[in-house]
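Colleague: Here is my input; please provide its structure:
(2 chains)
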Amino acid sequence: MGEGGIVRSFRYWHEIVLLVLIGVVFAFAQMFEPRFLQLDVQRELSTHIWEIAILCLPMTLIIITAGIDLSVGGMMALCAVTLGMLFQRGLSPWVAATMGIGVATLCGVLNGLVVTRIRVHPLIVTLATMAAFRGAAEGLSLARPVSSFPEAFGWLGQGVWWGLPVPAWCFMGLLLLTASAVGLSRWGSYCYAVGMNPEACRFAAVPVNRVLLGLYAFSGFASGLAAVLFVARRNTAKADIGMGIELLVITAVVTGGVSIFGGRGNLLGMVLGVLLIHETREFVSWRWSRDELNFVVMGLLLILSVLLHRWLTPANRNTS
Amino acid sequence: MDRFSKSSRWIALMGRNRAYGIFGLITLTVMVATAVSPSFLAPANVNDLLVQAAPIVIMACGVMVVILTAEIDISVGSMMGILAATLGVLTSPRHLDWPVPLAALAIMGLGAGMGAVNGVLVAFGKVPSIIVTLGMLTAFKGGTEFILEGGWITDLPEGLRFLGTGSILSIPISVGVALVVVGFTGWLLSRTSFGRRVYAVGSNQTAALYAGIPVRWVKLLTFTWSGFLVGVAVLVSAPQLSVIDSGFGTGYELLVVTCVVVGGVAISGGVGTVAGVVMATLLMTMISTVLIFLKLGENATYWSRSIQGCFILGAVLLDHWLRSQKRGWGRGES
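Modeller: Reported below is the predicted structural model:
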């Protein structure tokens, strides 16, 4: 996962900052609320974070290529609505879920095609498709919810297997696959290269378009998976699923040290970022039982972590 | 000379300023809607449309100046929420009961101050603007609920309600304010040295720096301007509602950015006009109303978001096509 060239600076400062911050949260919790750190409590609190974590995987890679995907919530909605409507027509929820994930992946491919063929900034493309997908989901379902899925399907979202929730296993499986693809194949280095300098990549015969298309399709797939887990957990499929989730996901990824300008960041940092945000939020609402403090803390954490990162690393890129 | 035939000159015109293209689209939409139901152009409906568009236009004027410098401000929606909550707490007789003019000044000042914090973090803290404003978006959202303490404010004083619902010379106050803001922003961008500097910073920051332009201060000012305009937008839009709750302003950041981008402002900075942004905002606010007037049945309104998205994609594709037309001419300018 190297970038090469910047040997003089230690590359994992951001991860260390995150670890220290997580340590601070845990130490605080140990001092004031020891029960917060018990395993079963943590497992209870973690139920909703796995979908966000799954969405963070493709988002990390996309942001590393200097792109962004704002449409994840829209793709989730379209997947959930497909799932719900097919289930209502009498299909088995498993088949319906597979079709839903397929639809979301196609949405991702569409994003990828517009980004690569027309070369519009992904921020604009996905801003448009965010509205288009969500609107299509609302239009198709007329904003009506579908519920009463069978028990067995609910297990996908609520079940516990070997001491961990099922969505956690989904996340870890996907993380393992992504990490090995990034670390072991050349596609990982391609992502960084595209983020550093796409023009140079084209000259170096890096298949820029295929890399980007694959990543946006992966984002669609992950959104579909997250939507299926969400529907299984809540036992309702509705078009307002995942509203505003894109900002949460981007916050977590960027807190994890992934540079919004591309070329920088890694999956380890992303996981730590998700962990830090999750633990801080849960601890704040556990101790003070006020949800609004959560948002303030999260926003400040995001800015603070990047500011700290700026101070700790020598200015080797003069952007912003 | 035959290359400069009538149609290609028309294309060139549209390429130079998105406003013409969108104006065409608006005319088309209005014509179709009026053909189906003539009451679309009724004064009451036009009035409603303008009142609805006014706060978005006001904020879009701020955000477009930020985007022109190749930065972005997505904190405006949440900032709107926190300022509206503050306005409610300041003026409501059951809370602080400040006089309305004083509260109005305070809200505009507070907005400018919040924008300035964004600006300082971006320009002097060197944190990317999308991160600063994303963080502020989240923080303000929490702040709003903190101020409202999970409740809402209903007892807004009459003087304040006048700001939102009143009209002078039969022009609604919000529309009048929007006109002033649009005029001033247009003047600022096209007739002052500050405007030139904004475009210069957005076109090529390094060149601007070497040319002696105080890039950091320009950026700080654009963010302050954006925050100030959010304050103005809140003053004319929050009193329209009888209730201020924590949901106020949610999602506006994306709506405003959408309007700015559809209006032809390049997200990479340096290109764009106020006229285009105003036209785009009108078009975007029209869409949901038009769907009702087209009499497609109530189910059609569920598709309005989808159509908005398609309009953005359409604008992007149009741009792409126009650029390829220009390349055919062999003209290199943007």
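
Colleague: Which stretches in the stretch 201-320 of chain A count as helices?
Modeller: Under the criterion DSSP state H, counting those that start in this stretch, the stretch 201-320 of chain A contains helices at A:208-234, A:245-255, A:267-288, A:291-312.

Colleague: right, and the ones you listed - which one's nearest chain B?
Modeller: Across the helices of the stretch 201-320 of chain A, chain B has its closest neighbour in helix A:291-312 (2.9 Å, Cβ to the nearest Cβ). From N, CA and C alone the C-beta is placed, and that goes for glycine too.

Colleague: Which residue ranges of chain A form strands?
Modeller: Ranges of strands in chain A, per DSSP state E, are A:146-147, A:160-161, A:164-165, A:236-237.

Colleague: Nearest to residue A:185 among these would be which one?
Modeller: strand A:164-165 (27.7 Å; Cβ to Cβ).

Colleague: Verify the stated contact: residue B:147 with residue B:86.
Modeller: Yes - assessed by Cβ atoms under 8 Å, residue B:147 is found in contact with residue B:86 at 6.2 Å.

Colleague: what about these two, which has more around it?
Modeller: Neighbours around residue B:147 and residue B:86, counted as other Cβ atoms under 10 Å in any protein chain shown, are more numerous at residue B:86. The numbers are 24 against 18.

Colleague: Would you confirm that the more buried one contacts residue B:146?
Modeller: No - taking contacts as Cβ under 8 Å, residue B:86 lies outside contact range of residue B:146: 10.9 Å.

Colleague: before we move on, back to that, residue B:278 is nearest to which of the helices of the stretch 201-320 of chain A?
Modeller: helix A:245-255 (27.3 Å).

Colleague: State the mean pLDDT of that closest one.
Modeller: Averaging pLDDT along helix A:245-255 gives 86.

Colleague: Repeat that for stretch A:264-282.
Modeller: Averaging pLDDT along stretch A:264-282 yields 88.

Colleague: Is there proximity between that stretch and chain B?
Modeller: No - using Cβ under 8 Å from any Cβ of the partner chain, stretch A:264-282 stays clear of chain B, coming no nearer than 10.1 Å.

Colleague: how about that stretch: buried residues?
Modeller: A:264-282 (16 or more other Cβ atoms under 10 Å in any protein chain shown).

Colleague: same check, this time on stretch B:184-203
Modeller: Residues B:185-186, B:188-189, B:195, B:197-203 are the ones in stretch B:184-203 that count as buried (16+ other Cβ under 10 Å).

Colleague: again, but for stretch B:168-187
Modeller: By neighbour count on 16+ other Cβ under 10 Å, the buried set for stretch B:168-187 is B:172-175, B:177-179, B:181-182, B:185-186.

Colleague: do the same with stretch B:239-253
Modeller: For stretch B:239-253, the neighbour count (16+ other Cβ under 10 Å) marks B:239-241, B:244-246, B:248-250, B:252-253 as buried.

Colleague: start to end distance for that stretch?
Modeller: 20 Å (Cα to Cα, to the nearest Å).

Colleague: Where does the prediction get shaky in chain B?
Modeller: For chain B, applying pLDDT under 70 flags the ranges B:1-18, B:295, B:297-298, B:319, B:323-334.

Colleague: For residue B:103, which non-adjacent residue is spatially closest?
Modeller: residue B:90 (4.3 Å; Cβ to Cβ, 6 or more residues apart in numbering or on different chains).

Colleague: How about residue B:168?
Modeller: residue B:176 (6.6 Å).

Colleague: ranges for the helices of the stretch 101-250 of chain B?
Modeller: Using DSSP H, counting those that start in this stretch, helices in the stretch 101-250 of chain B cover B:129-148, B:158-165, B:173-191, B:193-203, B:205-210, B:215-237.

Colleague: for those, which one sits closest to residue A:59?
Modeller: Of all the helices of the stretch 101-250 of chain B, it is helix B:129-148 that lies closest to residue A:59, at 13.0 Å by Cβ to Cβ.

Colleague: Pull out the buried positions in that closest one.
Modeller: B:129-148.

Colleague: can you tell me which of the residues you listed are up against chain A?
Modeller: Within the buried residues of helix B:129-148, those near chain A by Cβ under 8 Å from any Cβ are B:129-132, B:134-146.

Colleague: quick one: low-confidence parts of chain A?
Modeller: Checking chain A against pLDDT under 70 turns up A:1-10, A:312-320.

Colleague: For it, which residue occupies the most central location?
Modeller: The C-alpha lying nearest the average C-alpha coordinate of chain A belongs to residue A:56 (Cα atoms, centre = their mean; 1.8 Å).

Colleague: what residues does the stretch 51-200 of chain B put near chain A?
Modeller: Contact residues, the stretch 51-200 of chain B versus chain A (Cβ under 8 Å from any Cβ): B:121-122, B:125-132, B:134-146, B:150.

Colleague: one step back: okay, the buried residues of stretch B:168-187 in TSV with distance to residue A:241 next?
Modeller: Output for the buried residues of stretch B:168-187, formatted as TSV (distance: Cβ to Cβ, whole Å):
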residue	distance to residue A:241
B:172	37
B:173	39
B:174	34
B:175	37
B:177	38
B:178	35
B:179	40
B:181	37
B:182	38
B:185	38
B:186	41
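
Colleague: Now residue A:233. Nearest residue, chain neighbours left out?
Modeller: Leaving aside its chain neighbours, residue A:233 sits nearest to residue A:157 (3.0 Å; criterion: Cβ to Cβ, 6+ apart).
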